[in-house]
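[1] Return a 3D structure for these sequence lines:
(2 chains)
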Amino acid sequence: AQKITQTQPGMFVQEKEAVTLDCTYDTSDQSYGLFWYKQPSSGEMIFLIYQGSYDEQNATEGRYSLNFQKARKSANLVISASQLGDSAMYFCASRGAGSYQLTFGKGTKLSVIP
Amino acid sequence: DTGVSQDPRHKITKRGQNVTFRCDPISEHNRLYWYRQTLGQGPEFLTYFQNEAQLEKSRLLSDRFSAERPKGSFSTLEIQRTEQGDSAMYLCASSSSSGTSGRGSYNEQFFGPGTRLTVL
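    Okay, the predicted model is just below:
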């Protein structure tokens, strides 16, 4: 079974600053995947970044990077140079071995201040 | 490039009525998923299809819920005898099993805009 914990219900960040959104996970699987999705007010879930449990390097996708600390079971999302359009809900999710379902956390609402 | 589409976008119904939602996945994707998202929560997995076969079902999927994907393309999710607790956003997602091309190379799931159900 997978469990995702996002402890920050809401975060504020100044435009052009960097922000870190926290995510911890719990799994008994040796092989698993970690995902971050963005959900704007329109409702659609947008894939941002993926980290595999065996990936030795932290994943990066443009302004998004994933700070993966396997021993701590954390997979924090770092957004650099925040933009007003980054204001949205952000969900961390995991997928275990042998399963295709995603388990999501409760999300963090990010607000970017001009 | 057409994404995942869902119809209708909004549905208001009275308790006890049956409702059906449709999902059209990305055309080359053979995997299709249904999730339910209630206010203030992340999406919760309901069921998963690979082609036309329903391979995983959550315990959340009670007997009143049924999903089909008859020809391995679009899928329908039906809720019978709706209850007020069924009010939620129903999200559909699709993914590719190949995972070799740029888009979908992590087998990530691509989500549709959702169907918001309100049961009065």
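[2] Sheet-wise, list the partners of the lowest-mean-pLDDT helix or strand in chain B with their directions.
    Least confident helix or strand, chain B: strand B:53-57 with a mean of 92, by mean pLDDT, DSSP states H and E. Here strand B:53-57 is paired, per DSSP bridges, with strand B:44-50 (antiparallel).
[3] I would like the residues contacting the partner strand, please.
    Residues outside strand B:44-50 that contact it (C-beta atoms under 8 Å, 6 or more residues apart in numbering or on different chains) are A:100-104, B:30-38, B:54-58, B:60-61, B:65, B:67, B:69, B:72, B:75, B:77, B:97. The C-beta positions use only the backbone N, C-alpha and C, and glycine is treated the same way.
[4] and if we set it to 7 Å?
    With C-beta atoms under 7 Å, 6 or more residues apart in numbering or on different chains as the test, strand B:44-50 has contacts from A:100-102, B:30-36, B:54-58, B:60-61, B:67, B:69, B:75.
[5] Would you mind writing the PyMOL command to select the buried ones in these?
    With 16 or more other C-beta atoms under 10 Å in any protein chain shown as the burial test, the buried ones among the contacts of strand B:44-50 are selected in PyMOL as follows:
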select buried, (chain A and resi 100+101+102) or (chain B and resi 30+31+32+33+34+35+36+54+58+61+67+69+75)
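[6] By proximity to chain B, which residue of chain A wins?
    residue A:104 (3.1 Å; C-beta to the nearest C-beta).
[7] The nearest residue to residue B:86 once chain neighbours are set aside - how many residues pack around it?
    Leaving aside its sequence neighbours, residue B:86 sits nearest to residue B:119 (C-beta to C-beta, 6 or more residues apart in numbering or on different chains; 5.3 Å). Close neighbours of residue B:119, defined as other C-beta atoms under 10 Å in any protein chain shown, add up to 19.
[8] returning to what we had before: can you give me every residue that contacts the residue of chain A closest to chain B?
    Applying C-beta under 7 Å, 6+ apart to residue A:104 gives the contacts A:4, A:91, A:93, B:42, B:43.
[9] Could you check how far it is from residue B:90?
    15 Å (C-beta to C-beta, to the nearest Å).
[10] Of all residues in chain B, which one is closest to chain A?
    Taking C-beta to the nearest C-beta, chain B has residue B:42 as its residue nearest chain A, at 3.1 Å.
[11] The residue of chain A closest to chain B bridge partners, please.
    Under the criterion used (DSSP bridges), residue A:104 bridges to residue A:93.
[12] Model confidence for it, exactly?
    With respect to pLDDT, residue A:104 has a value of 97.
[13] Name the nearest residue to the residue of chain B closest to chain A, sequence neighbours excluded.
    Nearest residue to residue B:42 in three dimensions, chain neighbours excluded: residue A:104, at 3.1 Å (C-beta to C-beta, 6+ apart).
[14] Residue numbers of chain A in contact with chain B?
    A:35, A:42-45, A:47, A:50, A:91, A:99-102, A:104-107 (C-beta under 7 Å from any C-beta of the partner chain).
[15] Max pairwise distance over these: which two?
    Maximum pairwise distance among these (C-beta to C-beta): 28.5 Å, between A:42 and A:99.
[16] all strands for chain B, in order.
    B:5-7, B:10-13, B:19-24, B:31-37, B:44-50, B:53-57, B:65-68, B:75-79, B:88-95, B:110-111, B:115-119 (DSSP state E).
[17] which stretch among these comes nearest residue A:55?
    strand B:88-95 (18.8 Å).
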